[in-house]
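Enquirer: Structure, please.
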Amino acid sequence: MRAAFRAAVDCAALPGEDDSLGDGLELEEHVDHVMGRLTEAGQTFILVPARARRIDERVAPILGELPAELAELDRNIEPTPMTPQDAAQAAVTAPLGGTLSVQEIGDLLRGRNPGMAAHPFASLVEATQQDAPEAADLVMADDGSLTFLPEGDAHGQLRGLARHGIAGRPQRRLAHGPAGA
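Expert: Below you'll find the predicted structure:
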């Protein structure tokens, strides 16, 4: 498993990272540069694959509407719709900048199931700072971004984790785990 993770991290590259045009840019400029390269390459971000949409369309009539008790838990009555372009922007910003805001995480959760009238779980994420300020202060900055993630480009941290495991120690296979894991 660690070898597969290491291979995925080692080959993970955003378009434009391999050229020197992105060197020395501020985060916003770097994200714009990578987004431009994604567009040039014709790469798109699919929020919900076609097969999952077809399944959702078939299951939705059977399930019916979200119970009113759950729908009331969604306090975001006018959420920002998440477009594939917005999702791609978030997917590029997270590893380059080291974090996402809770609003962006909520938008991504809503975007994964656009047919739902209410998204109580997304609302819970979005309202963390208001609902539990003491706990939020431990893991969030004032701007709503997560503080427990390393700042800046996460590729180096991911590569280190893949090579050395947690706290610089190689991960040991559990005695009852599958061989080669």
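Enquirer: Where does pLDDT dip in this protein?
Expert: Scanning the chain with the threshold set as pLDDT under 70 gives 1-2, 5-6, 8-23, 148-152, 154-155, 165-181.
Enquirer: Going along the chain, name the helices of it.
Expert: Using DSSP state H, the helices of the chain run over residues 2-11, 27-41, 50-63, 68-71, 84-97, 102-111, 120-126, 128-131, 133-139, 155-164.
Enquirer: ok now the third one, how far from the chain's centre?
Expert: A distance of 23 Å separates the centroid of the chain from that of helix 50-63, by Cα atoms, centre = their mean, to the nearest Å.
Enquirer: Same question for the longest one.
Expert: Once both centres are worked out by Cα atoms, centre = their mean, helix 27-41 turns out to sit 17 Å from its chain's centre.
Enquirer: Let's see it as PDB, backbone CA atoms only.
Expert: The C-alpha trace of helix 27-41 is given here as PDB (Å, rounded to 0.1, in the frame of the first residue of the first chain):
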ATOM      1  CA  LEU A  27       0.200  31.500  -4.900                       C
ATOM      2  CA  GLU A  28      -2.600  33.200  -6.800                       C
ATOM      3  CA  GLU A  29      -0.500  33.700  -9.900                       C
ATOM      4  CA  HIS A  30       0.800  30.100  -9.700                       C
ATOM      5  CA  VAL A  31      -2.700  28.700  -9.400                       C
ATOM      6  CA  ASP A  32      -3.700  30.900 -12.400                       C
ATOM      7  CA  HIS A  33      -0.700  29.500 -14.400                       C
ATOM      8  CA  VAL A  34      -1.600  25.900 -13.600                       C
ATOM      9  CA  MET A  35      -5.300  26.500 -14.400                       C
ATOM     10  CA  GLY A  36      -4.300  28.000 -17.700                       C
ATOM     11  CA  ARG A  37      -2.200  24.900 -18.500                       C
ATOM     12  CA  LEU A  38      -5.100  22.600 -17.500                       C
ATOM     13  CA  THR A  39      -7.300  24.500 -19.900                       C
ATOM     14  CA  GLU A  40      -4.800  24.400 -22.700                       C
ATOM     15  CA  ALA A  41      -4.400  20.600 -22.200                       C
END
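Enquirer: tilt between that helix and helix 84-97?
Expert: Taking axes from the mean of the first three to the mean of the last three Cα atoms, to 10 degrees, helix 27-41 and helix 84-97 form an angle of 130 degrees between their directions.
Enquirer: who's in contact with E69?
Expert: Not one residue lies near E69 by Cβ atoms under 8 Å, 6 or more residues apart in numbering. C-beta: built from backbone N, CA, C; applies to glycine.
Enquirer: what about the nearest residue to M82 once chain neighbours are set aside, how many neighbours?
Expert: Nearest-residue entry for M82: G111, 2.9 Å, with adjacent residues in sequence omitted and distances by Cβ to Cβ, 6 or more residues apart in numbering. G111 sits with 22 neighbouring residues when counted by other Cβ atoms under 10 Å.
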